[in-house]
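Novice: fold the following for me, if possible:
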Amino acid sequence: MRTSIATVCVSGTLEEKLEACAAAGFDGVELFEQDLVVCALSPAQVRERAERLGLRLDLYQPFPDLEGVGETAFEANLDRLEAKLALMDELGIDTLLVCSNAGEAPVADDAVIASQLRRAGDLAAAHGKRIAYEALAWGTHVNTYRHSWELVRAADHPAVGVCLDSFHILSRGDDPSGIEDIPGERIFFVQLADGRPQGMEVLAWSRHHRVFPGEGAFDLVDFTVRLLRTGYRGPLSLEVFNDAFRQADPRITAVDAARSLRWLQQRARADVRLDPELRALLSGLEAIEPVEALDHVELVTDRPDALAAVLAGLGFALVGRHPRSSQLLFRGPGESAGAGARTATEAGSGSGTAAEPGVPAETRPSKTPPGETPPGEARIVVSPRADGGTRIASVAVVVADAERAQRRARELGAAPTPRANGGTGGLPGVWAGSRRLAFVDPGLAGWTRGFGAAEDSAARLGCGPSARAGFDHVGFAESRDAFEATALLLESALRLERAAPQDVATLRGLVTAQALESPRRGTRWVLDLLPPALGSAAFPDRLALRVPDALAAARAARDAGVEPLAIPANYYADLAARFGLSEAVLGRWRELGILYDRDAGGELLHFCTPTVGGLAFDVLERVGDYAGWGGADAAVRLAAQWAGERDGACPGAQNG
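Specialist: Purely as a prediction, here's the structure:
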């Protein structure tokens, strides 16, 4: 279907907005009145600019408070309407958005409103225009789409139809099933926006916190399916008011917006309620299976020796150095599902269940839950550089067809990353925010052959009990400009599923964490949205490794010289109060810096390393069907890592 976007969605001058929307691949735009009022171009020049960019001007908006007023006021409103219709003639726009009256004392008489809409329709028809009547969620008398449709039907004018706005409908909790009662030809325009409940009045929510489809909690797939079944064939348009978007680079926002409509159409295509004819109306994406495994993670660092010391302490062995790229390859052998798990009988503690209070996780089975992909072999590539600290530079995922996966990501607006000779540089990939997302299929699996085995590397670096480590999840911060775009790209390009976002009250401000995972939990990603005052450089990347025995891994790391993160004693006192854990168990955990969490399905034992120039490792043992990622401990983890930075603590510093 045709796609459109309101110019209010993006920042910049009208010229910049049009260029960004055209570059992102939109077919048209809604022209927001203020964008025209402050523009130096004449209406004719705006029309010419849009035509040159291949954009259709689909809608002029908004026209507020037309109806539901006394006769004198309505006559004045008709004069105002006449002027806007003449302006639309110059712009070449055929549809005007008229919002329901949100004034303090309009005329609350449906017969009067229907009559006024009919008279406005006569005036619009004389100009060859249409009026799309929209019910504002905060409209004084008309605030539901059903009511707006009743009034349009009563007006009975061919130039008067409805505009359906998903935000105004779904933010009120209205049942969208009534959309299918409206004939598609009477739906003149559709505006789409997503949202997450904000605990505030709907007007403030609407003006500041809308997001693009797929970035909120509304069921826009259901909304779209119902819309198509009416016979509506106009554009799918975005109207998103968001303070962060309107301060961001318009090119980034426009690409994110276009991606959201591709995501929505792909999801709607897959809906079983759509017949093949309706599915054919929607744009599809290159088909791939959900990504359930990571091939490797690349870390860039200006402290390769310090990083290598930490990896050795965590059980990784150095495989070799690539002769052309100078990259180092480290490997931690994979762990099969359930191997090495400690049973309750072996621990001598009975048969406690995962959710039973007072039975510590270290005494219960630690097995991969049914249906979950067990962690495979963790491979880490280290790329030395002169400066800039240590961070996750690239995450490579396992796919059946790398070129197809890259095409899917590019269809979603992701920019391809340049290929280079040597090391991992030849793998196809795209930019996902500030990181590279690379694709590895069976034909590319031999990339490791370029790393010749280093002499006596295993003996030099060691291989402790925690070596049976697989990737559990990757976590990193994204700027406010790129956060939603990166989350939606990962979700749609890799076919991940979003968990509910989680707010973490850190010492440096409120951080919103968005977790995404594959259907079988083979891959997990946690993106952190930082407060404006906290730059991403101050927020450590996190590479989480899954092991069968967190306590053994912590002991092995400590024995190898990697001291665990120092966790405050108050944390363990709080655990005792919340979970009734014994002092003997807590004493062992305190000694090793073990953190603990529990949910309805199971438990988590994990420990963290101090940061190495902007990166920290989180080593996890999952017990039962624990579904989280350790978010409950994020605040204490960050506080301890920041305290370590202040004190100058850094594992392997003597080697740095």
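
Novice: look up how far residue 212 lies from the residue nearest the centre of the chain.
Specialist: Residue closest to the average C-alpha location in the chain (C-alpha atoms, centre = their mean): residue 487, at 2.3 Å. The spacing between residue 487 and residue 212, counted by C-beta to C-beta, to the nearest Å, is 11 Å. No exception for glycine: its C-beta is placed from N, CA and C like everyone else's.

Novice: likewise for residue 219?
Specialist: Distance from residue 219 to residue 212, by C-beta to C-beta: 15 Å.

Novice: returning to what we had before: list the contacts for the residue nearest to the centre of the chain?
Specialist: 215, 478, 498, 514, 516, 527 (C-beta atoms under 8 Å, 6 or more residues apart in numbering).

Novice: how does this structure divide into domains?
Specialist: 3-279, 294-655 (automatic domain parsing).

Novice: to residue 288, which of those domains lies closest?
Specialist: domain 294-655 (5.3 Å; C-beta to C-beta).

Novice: quick one: the strands in the stretch 301-450 of the chain?
Specialist: 317-321, 328-332, 378-384, 391-398, 429-432, 435-440 (DSSP state E, counting those that start in this stretch).

Novice: with the stretch 1-150 of the chain instead?
Specialist: Assigned by DSSP E, counting those that start in this stretch, the stretch 1-150 of the chain shows strands spanning 3-6, 28-32, 56-63, 95-99, 130-134.

Novice: the inter-axis angle of the longest one versus strand 130-134?
Specialist: Right, strand 56-63. Angle, strand 56-63 to strand 130-134, by axes from the mean of the first three to the mean of the last three C-alpha atoms, to 10 degrees: 50 degrees.

Novice: other residues contacting strand 56-63?
Specialist: 2, 4, 6, 27-33, 46-47, 50, 80-81, 84, 87-88, 91-93, 95-99, 132, 189, 235, 237.

Novice: picking up where we left off before, let's have the domains of the chain in a markdown table, adding distance to residue 287 and mean pLDDT.
Specialist: Formatted as a markdown table, the domains of the chain follow (distance: least, C-beta to C-beta, whole Å; pLDDT from 0 to 100):
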| stretch | distance to residue 287 | mean pLDDT |
| --- | --- | --- |
| domain 3-279 | 10 | 95 |
| domain 294-655 | 8 | 82 |
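
Novice: turn those domains into a markdown table, columns for distance to residue 285.
Specialist: Listed next are the domains of the chain as a markdown table, based on distance: least, C-beta to C-beta, whole Å:
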| stretch | distance to residue 285 |
| --- | --- |
| domain 3-279 | 5 |
| domain 294-655 | 5 |
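
Novice: quick check: the residue lying farthest from the centre of the chain vs residue 107, distance?
Specialist: Relative to the centre of the chain, and counting by C-alpha atoms, centre = their mean, the farthest-placed residue is residue 72 at 49.9 Å. As judged by C-beta to C-beta, residue 72 and residue 107 stand 12 Å apart.

Novice: contacts only, for residue 607.
Specialist: 550, 553-554, 557, 564-565, 592-595, 618-619 are the contacts of residue 607 under C-beta under 8 Å, 6+ apart.

Novice: so it, which state does it fall into?
Specialist: Put simply, residue 607 is strand when judged by DSSP: H, G, I helix; E, B strand; the rest coil.

Novice: that one and residue 596, how far apart?
Specialist: Residue 607 is 10 Å from residue 596, by C-beta to C-beta.

Novice: then residue 151?
Specialist: Counting by C-beta to C-beta, the gap from residue 151 to residue 596 is 58 Å.

Novice: ditto for residue 636
Specialist: Counting by C-beta to C-beta - residue 636 and residue 596 are separated by 11 Å.

Novice: more neighbours: these two, which one.
Specialist: The neighbour comparison of residue 636 against residue 596 (other C-beta atoms under 10 Å) goes to residue 596, with 24 against 18.

Novice: what helix or strand does that one sit in?
Specialist: In this assignment (DSSP states H and E), residue 596 forms part of strand 595-598.

Novice: show residues contacting that strand.
Specialist: Against strand 595-598 from outside (C-beta under 8 Å, 6+ apart): 354-355, 361, 567, 571, 575, 579, 581, 589, 603-608, 626, 628, 630-633, 636-637.

Novice: so residue 89 versus residue 44, what's the distance?
Specialist: Distance from residue 89 to residue 44, by C-beta to C-beta: 10 Å.

Novice: out of these two, which sits in the busier spot?
Specialist: Counted by other C-beta under 10 Å, residue 89 and residue 44 do not tie: residue 89 has more neighbours, with 14 against 11.

Novice: so that one sits against residue 127, correct?
Specialist: Yes - applying C-beta atoms under 8 Å, one finds residue 89 in contact with residue 127, separated by 6.2 Å.

Novice: residue 183: neighbour count?
Specialist: For residue 183, using other C-beta under 10 Å, the count is 13.

Novice: which residues does it contact?
Specialist: Counted by C-beta under 8 Å, 6+ apart, residue 183 has contacts 230-231.

Novice: how close does it sit to residue 36?
Specialist: 32 Å.

Novice: ditto for residue 528
Specialist: In terms of C-beta to C-beta, residue 528 sits 38 Å off from residue 36.

Novice: who's more crowded, those two?
Specialist: residue 528 (23 against 17).

Novice: ok, which stretches of the stretch 551-656 of the chain are helices?
Specialist: Ranges of helices in the stretch 551-656 of the chain, per DSSP state H, counting those that start in this stretch, are 569-579, 583-592, 634-646.

Novice: of all those, which lies closest to residue 118?
Specialist: Taking the helices of the stretch 551-656 of the chain one by one with C-beta to C-beta, helix 634-646 is closest: 58.2 Å.

Novice: for stretch 309-320, measure first residue to last.
Specialist: Using C-alpha to C-alpha, to the nearest Å, the end-to-end distance of stretch 309-320 comes out at 15 Å.

Novice: quick check: which of the helices of the stretch 551-656 of the chain is nearest to residue 279?
Specialist: It is, among the helices of the stretch 551-656 of the chain and with distance given as C-beta to C-beta, helix 634-646, at 41.3 Å.

Novice: packing partners for that closest one?
Specialist: strand 502-506, strand 602-608 (3 or more C-beta pairs under 8 Å, 6 or more residues apart in numbering; DSSP states H and E).

Novice: tell me which residues in that helix are buried?
Specialist: 634, 636-642, 644-645 (16 or more other C-beta atoms under 10 Å).

Novice: what's the answer for stretch 433-443, then?
Specialist: For stretch 433-443, the neighbour count (16+ other C-beta under 10 Å) marks 433, 435-441 as buried.

Novice: quickly check those for the two that are furthest apart.
Specialist: Once C-beta to C-beta is applied, the buried residues of stretch 433-443 give 433 and 441 as the farthest pair, at 23.3 Å.

Novice: dump the residue contacts of the nearest residue to residue 294 once chain neighbours are set aside.
Specialist: Sequence neighbours aside, residue 471 is the residue nearest to residue 294 in space, at 4.7 Å (criterion: C-beta to C-beta, 6 or more residues apart in numbering). Contact analysis of residue 471 by C-beta under 8 Å, 6+ apart lists 294, 297, 375-376, 378, 523, 543-546.

Novice: separation between residue 279 and residue 385?
Specialist: In terms of C-beta to C-beta, residue 279 sits 48 Å off from residue 385.

Novice: over to residue 274?
Specialist: 50 Å.
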